[in-house]
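Visitor: this is a predicted model, with the sequence first.
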Amino acid sequence: MNKRKLSLKKTTKHRSYSTGFVVSQSPEAVFAAINNVREWWSESIEGSTDKIGAHFRHHLLDVHRCDIEITDLVPGEKVVWTVVDNYFSFIQDKTEWKGTYIVFDIIRIGGKTEVRFTHVGLVPEYECYGVCTNAWDGLINGSLRDLIQRGKGQPDSSTDHEPLPAY
């Protein structure tokens, strides 16, 4: 388990965006689905998405790109990512996500599994908050849930699959 401390930008955990759902699948199946990022977030993800210390990059056309480090993986229990760098084309502070954490808690409850998603540091004061929480809601409660329950998510399949530009 990675014990490294990272600073948060502008926030505390209790003011972060959270959502979640419950499924019948096992915690191990949920953990595997979360780490299969290309199948629920974006087909344009570059890099490894299932090893501590690995970095992967997401990009959506010229609108959003981010570099994410996998900072914690506990099979069947938790996935934590740190946003190392970020760019949004549509807001003034293009780096709003930089230094935030994306946390997936996986909790066994009886014969079911709860997925608790928290974007630690994504707060209402951020200009991207409305757009970003709407996107996360669709990705987590739609695409990720569908990948877990039905074996198929709805990742972004934009045609912009050129190599990512530098930040």
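Guide: Received, thanks.

Visitor: residue closest to the middle of the chain?
Guide: I102 (5.3 Å; C-alpha atoms, centre = their mean).

Visitor: isn't there a helix covering that one?
Guide: No. Applying DSSP: H, G, I helix; E, B strand; the rest coil, one finds I102 to be strand, outside a helix.

Visitor: assign I68 to helix, strand or coil.
Guide: strand.

Visitor: that one: neighbour count?
Guide: 23 (other C-beta atoms under 10 Å). C-betas here are computed from N, CA, C, even on glycine.

Visitor: and what of the one 3 residues further on?
Guide: Using other C-beta under 10 Å, the number of residues around T71 comes to 21.

Visitor: which helix or strand in the protein has the lowest average pLDDT?
Guide: Ranked by mean pLDDT, DSSP states H and E, the helix or strand of the chain with the weakest confidence is strand 55-60, at a mean of 92.

Visitor: got the buried residues for that one?
Guide: H55, F56, R57, H58, H59, L60 (16 or more other C-beta atoms under 10 Å).

Visitor: which one of the residues you listed is nearest G153?
Guide: H58 (14.5 Å; C-beta to C-beta).

Visitor: and the nearest residue to L144 once chain neighbours are set aside, what does it touch?
Guide: When the adjacent residues along the chain are set aside, L144 lies closest to W40, with 4.4 Å between them (C-beta to C-beta, 6 or more residues apart in numbering). With contact taken as C-beta atoms under 8 Å, 6 or more residues apart in numbering, W40 is in contact with A33, L139, S143, L144, D146, L147, G153, Q154, P155.

Visitor: and the furthest pair within the residues you listed?
Guide: That would be A33 and Q154, which, of those, are the farthest apart (C-beta to C-beta) at 13.1 Å.

Visitor: who's more crowded, those two?
Guide: A33 (23 against 15).

Visitor: how much space between that one and Y129?
Guide: Per C-beta to C-beta, to the nearest Å, A33 is found 26 Å from Y129.

Visitor: got it, and K152?
Guide: Distance from K152 to Y129, by C-beta to C-beta: 29 Å.

Visitor: the two: which is more packed in?
Guide: More neighbours surround Y129 than the other of K152 and Y129, with 16 against 11 (other C-beta under 10 Å).
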